[in-house]
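>>> Give me the fold of what follows.
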Amino acid sequence: MIRFILQAMIAALGFWMASRVIDGVHVDSVTSLIEAGLVLGVLNALIRPLLIILTLPISILTFGLFLLVINGLTVWLVTVFIHGVHIYRLLPAILAAVVISIVTWLANFLIGEGGRGID
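Numbering: from 1, shown residues only. Purely as a prediction, here's the structure:
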């Protein structure tokens, strides 16, 4: 449970960073950031694997590049549930997903072992 909360906070940091560097991504408040991180964690655990399986042929044909679109759609889906997060088009959503992924990867690298020592 602690690991999930830590990952949600890292995702919230990624959302904040994306709102700072990408035009078309806006976050209203810190509360919205935290909620977005939690919702993104749930969506990544439940919806994203299903989308990956359903779009596997397209992903194979595009050599995995379609996964960027899936990640962007997952990030955009957060805006459906959290009204304090605004992403205005698909391209900013894809770029936000890339920024969130980089921030998450970097944080996991700095924490070490993917945060396993925290549980």
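>>> from here on, contacts and neighbour counts on C-alpha atoms
Noted.
>>> Would you mark the buried spots in the helix or strand where residue 110 lies?
Residue 110 is part of helix 90-111, with elements assigned from DSSP states H and E. Within helix 90-111, the residues scored as buried using 16 or more other C-alpha atoms under 10 Å are 92-101, 103-104, 107-108.
>>> Including pLDDT and distance to residue 69, could those go into JSON lines?
Formatted as JSON lines, those follow (pLDDT from 0 to 100; distance: C-alpha to C-alpha, whole Å):
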{"residue": "92", "pLDDT": "95", "distance to residue 69": "11"}
{"residue": "93", "pLDDT": "95", "distance to residue 69": "9"}
{"residue": "94", "pLDDT": "95", "distance to residue 69": "6"}
{"residue": "95", "pLDDT": "96", "distance to residue 69": "10"}
{"residue": "96", "pLDDT": "95", "distance to residue 69": "11"}
{"residue": "97", "pLDDT": "95", "distance to residue 69": "9"}
{"residue": "98", "pLDDT": "96", "distance to residue 69": "10"}
{"residue": "99", "pLDDT": "96", "distance to residue 69": "14"}
{"residue": "100", "pLDDT": "94", "distance to residue 69": "14"}
{"residue": "101", "pLDDT": "94", "distance to residue 69": "13"}
{"residue": "103", "pLDDT": "94", "distance to residue 69": "18"}
{"residue": "104", "pLDDT": "91", "distance to residue 69": "18"}
{"residue": "107", "pLDDT": "90", "distance to residue 69": "23"}
{"residue": "108", "pLDDT": "86", "distance to residue 69": "23"}
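>>> Let me know the average pLDDT across stretch 69-84.
Averaged over stretch 69-84, pLDDT sits at 93.
>>> Could you check the pLDDT of residue 56?
Model confidence at residue 56 (pLDDT) stands at 94.
>>> Need the CA coordinates for stretch 74-90. PDB is fine.
Provided in PDB are the C-alpha atoms of stretch 74-90 (Å, rounded to 0.1, in the frame of the first residue of the first chain):
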ATOM      1  CA  THR A  74      -4.600   6.700 -20.300                       C
ATOM      2  CA  VAL A  75      -3.300  10.100 -19.100                       C
ATOM      3  CA  TRP A  76      -6.100  11.800 -21.000                       C
ATOM      4  CA  LEU A  77      -8.600   9.500 -19.200                       C
ATOM      5  CA  VAL A  78      -7.500  11.000 -15.900                       C
ATOM      6  CA  THR A  79      -9.100  14.300 -17.000                       C
ATOM      7  CA  VAL A  80     -12.500  12.500 -17.300                       C
ATOM      8  CA  PHE A  81     -12.300  11.600 -13.600                       C
ATOM      9  CA  ILE A  82     -10.400  14.600 -12.200                       C
ATOM     10  CA  HIS A  83     -11.900  17.900 -13.300                       C
ATOM     11  CA  GLY A  84      -8.900  19.900 -11.900                       C
ATOM     12  CA  VAL A  85      -6.600  18.400 -14.600                       C
ATOM     13  CA  HIS A  86      -7.000  19.700 -18.200                       C
ATOM     14  CA  ILE A  87      -5.400  18.200 -21.300                       C
ATOM     15  CA  TYR A  88      -6.700  19.900 -24.400                       C
ATOM     16  CA  ARG A  89      -5.600  17.600 -27.200                       C
ATOM     17  CA  LEU A  90      -4.100  14.100 -27.800                       C
END
